[in-house]
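Student: this is a predicted model, with the sequence first.
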Protein chains: 2
Amino acid sequence: MNRQGLRKASVTIRDVARESGFAASTVSIVLNNAPLARYIPPATKARIHKAAKKLGYHPNIFAKSLRSKRNHTVGVILFDITDPYCTLILRGIEKSLYQESFLSILADAHNERARFERYLEMMLERRVEGLLVLANWLYLDINLLADLERGKIPTVIIGRELDSNATSSVTVDDEGGAYSALAHLYSLGHRKIAFVRGPRALASSKARWRGVQRFAKDTRLELDPKLVVDLPDQVNLTAGVDDAFRITEDLLKQKRTFSALMAYDDMTAFGALRALAKAGIKVPQECSLIGFDDINPSQLFVPSLTTVRQPMEAMGASAVSILIEGISAAAENRSGSAIHRKLPAELVIRESTQAVP
Amino acid sequence: MNRQGLRKASVTIRDVARESGFAASTVSIVLNNAPLARYIPPATKARIHKAAKKLGYHPNIFAKSLRSKRNHTVGVILFDITDPYCTLILRGIEKSLYQESFLSILADAHNERARFERYLEMMLERRVEGLLVLANWLYLDINLLADLERGKIPTVIIGRELDSNATSSVTVDDEGGAYSALAHLYSLGHRKIAFVRGPRALASSKARWRGVQRFAKDTRLELDPKLVVDLPDQVNLTAGVDDAFRITEDLLKQKRTFSALMAYDDMTAFGALRALAKAGIKVPQECSLIGFDDINPSQLFVPSLTTVRQPMEAMGASAVSILIEGISAAAENRSGSAIHRKLPAELVIRESTQAVP
DNA sequence: CAATTATAACGAATCGTTTCAATAAAACAA
DNA sequence: TTGTTTTATTGAAACGATTCGTTATAATTG
């Protein structure tokens, strides 16, 4: 008694071979349109295709990967999927990956080092072909770098540049963005401007502040140190908003007047807006408010938020293009060198800023 | 000349075998702690482990999968990653998956049928062990069902129940949620209440409206049909907000007074809020506003939004538990039947509602 | 002491593809 | 006619891990 009775789990290339009357190798060549396929006469090809279709043949991807050592998958590690900033970048990544017929494994590190490392481990174990790291709101740094380079697979970091520039990166021009944000407020006549800077630990905080300082210098605008406060280091996103709220309240309590407030980012601006509203200060009539990022909710707020847009979809797309290049380089044993791309930010004027009366 | 000169791509189990002086099969048994390992003396185990560590051995997952037919991966298909509603569910999914050491492949269908089908295809091709479908803001229906069942792999749909209940689902109690939302407004003294209902095509629109009607019946509250408007069918998320804005404006134009507005969901509420603000109507002083979902931005708005919370993290977690159960059932050739879970919604009272003066 | 059972380790087959080298027939050239 | 290419097809050898069945000792039992 043979195994006919047993239900075959799935149809293999040998089944197609038997059905079509050719060898498995021939079937493989035809179905993959391998170089050798140029010798195969159309009639043969047709028969093989027909057999494959008839049996509903789908190549086993595990076996395929085992031979080719490829799986057309990249890993995406981010640090808080709850952050709308991530979301838009993900959209950009997804669009590009889709076109390349790559699929992505998503991991959310919850801003926890251990989780990050575990995920990194899992991804390497699964031999993803490349790695995208979305370094939003991220405090891990020094060793992160080492970890990433350990993998020896093409990697692109979005939103942050590593100290060693062995790993490719895509960032936004924070400095330029902050510069134009302040320029916007200035052009509206604001001179007394409060600043809620980002947490010290974040690279982008420094960069944005540099932009502010550069503008101030260029126009001889005086920055009142009493009107400059720092957000505390804070891993939690919504807690960050609360911090911003509190800090702005403190700012208001000290009775120094200002006609505009520039926030580290949109989230911060939301917190500030709440504090201003609570103090009965109308935005933008009595105080202009500007953020940074242009995350999704910003346009929905009342008043909608004037902000500096990070081209997040473009950043995602850009990262993918670098990564894919790195992957094909690796596949062909070429060695591509790290690429660092810095995209311009764009001022988006909405309702939360207006000319000083 | 042998192949010593060639750089080995990676260290295999045979290398460990050679290094430790045992056979590959023994190594496999030890490293996986297979049943047979109970016969292997500690000394041997130690030597094998040492050898493995020394060589930095990592089992090749492709080969592993080829044999075991498993890959510890589930597919997650959603319809708009930009939607904050998705984001929180994803968080729930991720947490649970992490504990099970599963990884997820993420696909965003952009509300496009073709894209959905392509992704479904890709996932089946990759033999994900299960499928999670996040049916937010979704208009595809009839055939979607057929597509999903074609795959014959464990599947859970979140946010919607399929007509055939062959596929498991996790939904929220829309009707009960809407009921309690209206009850809340009623208890604050509101009697003239406007409703912006969801798009006709969405199942949740109907369910929520049923909740409203039921409450009205229970308390003999009269619903003024002139104060009830429908959101048009709309695939795009932010366009939905604009629709809500326009619709609310129309509502206001007809000069019917109402002291509260109940929106289909939070996004809709945001649109309504903007229209109210533009008309100079203060929320909540002159008009209370309530949403549904409790997406992330809702607590950040000024005023923060009273709403009905969907327990999104719990929904994600619940879906994963059903899925994992289905996967192990499949692995052991048991046949689990579809499970349908409906989670309660919870009223979250914030600033946007207050008692009628 | 012989018979049985635990213990310890291994060899070979298997999973499903792809690819290399080989073969054979046909087509062409000298 | 013989020799060389071109065209068509194939068997067998990987890829790297797991598992089943086997063998060879050591320990235990009657």
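Tutor: Structure received.
Student: may I have stretch A:290-297 as PDB, with CA atoms only?
Tutor: Only the C-alpha atoms of stretch A:290-297 are listed here, as PDB (Å, rounded to 0.1, in the frame of the first residue of the first chain):
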ATOM      1  CA  ILE A 290       4.700  77.100  17.000                       C
ATOM      2  CA  GLY A 291       5.600  73.400  17.100                       C
ATOM      3  CA  PHE A 292       7.900  71.100  15.200                       C
ATOM      4  CA  ASP A 293       7.200  67.800  13.300                       C
ATOM      5  CA  ASP A 294       3.700  68.300  12.000                       C
ATOM      6  CA  ILE A 295       2.400  65.100  13.300                       C
ATOM      7  CA  ASN A 296      -1.100  64.100  12.200                       C
ATOM      8  CA  PRO A 297      -3.200  65.700  15.000                       C
END
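Student: from the chain's centroid, how far away is that stretch?
Tutor: 15 Å (C-alpha atoms, centre = their mean, to the nearest Å).
Student: do that stretch and chain B meet?
Tutor: Yes - residues of stretch A:290-297 contacting chain B under C-beta under 8 Å from any C-beta of the partner chain: A:296-297. In short, each C-beta sits where N, CA and C put it, glycine included.
Student: average pLDDT across that stretch?
Tutor: Mean pLDDT, computed over stretch A:290-297, is 97.
Student: stretch A:328-339 now?
Tutor: Stretch A:328-339 comes out at a mean pLDDT of 87.
Student: measure it end to end?
Tutor: Start-to-end span of stretch A:328-339 (C-alpha to C-alpha, to the nearest Å) is 15 Å.
Student: which residues sit against it?
Tutor: The contact list for stretch A:328-339, computed with C-beta atoms under 8 Å, 6 or more residues apart in numbering or on different chains, reads A:70, A:129, A:153-154, A:165-169, A:322, A:325-326.
Student: let's see that with 10 Å instead.
Tutor: A:68-70, A:100, A:129-130, A:152-157, A:162, A:164-170, A:318-319, A:321-323, A:325-327 (C-beta atoms under 10 Å, 6 or more residues apart in numbering or on different chains).
Student: list the contacts for the residue of the stretch 201-350 of chain A found nearest chain B?
Tutor: In the stretch 201-350 of chain A, the residue that lies nearest chain B is A:P297 (4.0 Å; C-beta to the nearest C-beta). If you count contacts by C-beta under 10 Å, 6+ apart, A:P297 has them with A:84, A:266-267, A:270, A:304-305, B:84, B:267, B:270, B:295-298, B:300-301.
Student: which two in those are spaced the farthest apart?
Tutor: Farthest-apart pair in the contacts of A:P297 is A:M267 and B:M267; separation 18.6 Å (C-beta to C-beta).
Student: how about the strands in chain A?
Tutor: Assigned by DSSP state E, the strands in chain A fall at A:73-78, A:103-108, A:130-134, A:155-158, A:168-172, A:193-197, A:228-230, A:260-263, A:288-290, A:307-309, A:340-343, A:346-348.
Student: in its sheet, what does the last one sit against?
Tutor: Which is strand A:346-348. Strand A:346-348 has its sheet partners listed here by DSSP bridges as strand A:307-309 (antiparallel).
Student: ok, back up a step: can I get the buried part of the contacts of stretch A:328-339 as one PyMOL selection?
Tutor: Listed next is the PyMOL selection for buried residues among the contacts of stretch A:328-339, using 16 or more other C-beta atoms under 10 Å in any protein chain shown:
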select buried, chain A and resi 129+130+153+154+155+156+157+162+167+168+169+170+318+319+321+322+323+325+326+327
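Student: where does chain A dip in pLDDT?
Tutor: A:1-9, A:137-147, A:150-151 (pLDDT under 70).
Student: which residues in chain A form helices?
Tutor: Along chain A, counting by DSSP state H, helices occupy A:13-20, A:24-32, A:42-55, A:61-68, A:84-99, A:113-125, A:142-151, A:174-187, A:203-219, A:237-253, A:266-278, A:312-331.
Student: possible to save those helices as JSON lines with distance to B:S187?
Tutor: Formatted as JSON lines, these follow (distance: least, C-beta to C-beta, whole Å):
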{"stretch": "helix A:13-20", "distance to B:S187": "67"}
{"stretch": "helix A:24-32", "distance to B:S187": "67"}
{"stretch": "helix A:42-55", "distance to B:S187": "64"}
{"stretch": "helix A:61-68", "distance to B:S187": "57"}
{"stretch": "helix A:84-99", "distance to B:S187": "33"}
{"stretch": "helix A:113-125", "distance to B:S187": "43"}
{"stretch": "helix A:142-151", "distance to B:S187": "51"}
{"stretch": "helix A:174-187", "distance to B:S187": "45"}
{"stretch": "helix A:203-219", "distance to B:S187": "46"}
{"stretch": "helix A:237-253", "distance to B:S187": "28"}
{"stretch": "helix A:266-278", "distance to B:S187": "26"}
{"stretch": "helix A:312-331", "distance to B:S187": "42"}
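Student: next one: A:I48 from A:V170, what distance?
Tutor: Applying C-beta to C-beta, to the nearest Å, the value for A:I48 to A:V170 is 44 Å.
Student: err, A:V156, not the other one
Tutor: Distance of A:V156 to A:V170, computed by C-beta to C-beta: 6 Å.
Student: what touches both of these two?
Tutor: Listed contacts common to A:V156 and A:V170 are A:132, A:318-323, A:339-341; contacts here mean C-beta under 10 Å, 6+ apart.
Student: between those residues, which is closest to DNA strand D?
Tutor: The shortest approach to DNA strand D among those belongs to A:L323, at 23.7 Å (C-beta to the nearest atom of the strand).
Student: A:I61 versus that closest one, what's the distance?
Tutor: As judged by C-beta to C-beta, A:L323 and A:I61 stand 21 Å apart.
Student: correct me if wrong: A:P284 contacts A:F301.
Tutor: No - using C-beta atoms under 10 Å, A:P284 makes no contact with A:F301, being 11.9 Å away.
Student: between those two, tell me which one has more neighbours.
Tutor: Between A:P284 and A:F301, counted using other C-beta atoms under 10 Å in any protein chain shown, A:F301 has the larger neighbour count: 25 against 20.
Student: is it true that that one touches B:V302?
Tutor: Yes - when contacts are counted by C-beta under 10 Å, A:F301 is listed as touching B:V302 (7.8 Å).
Student: stretch A:105-122 and chain B in contact?
Tutor: Yes - Stretch A:105-122 reaches chain B (C-beta under 10 Å from any C-beta of the partner chain) through A:105-110, A:115, A:118-119, A:121-122.
Student: how about the residues of chain A that lie near DNA strand D?
Tutor: A:21-26, A:29, A:36, A:39-41, A:44, A:63, A:66-67 (C-beta under 7 Å from any atom of the strand).
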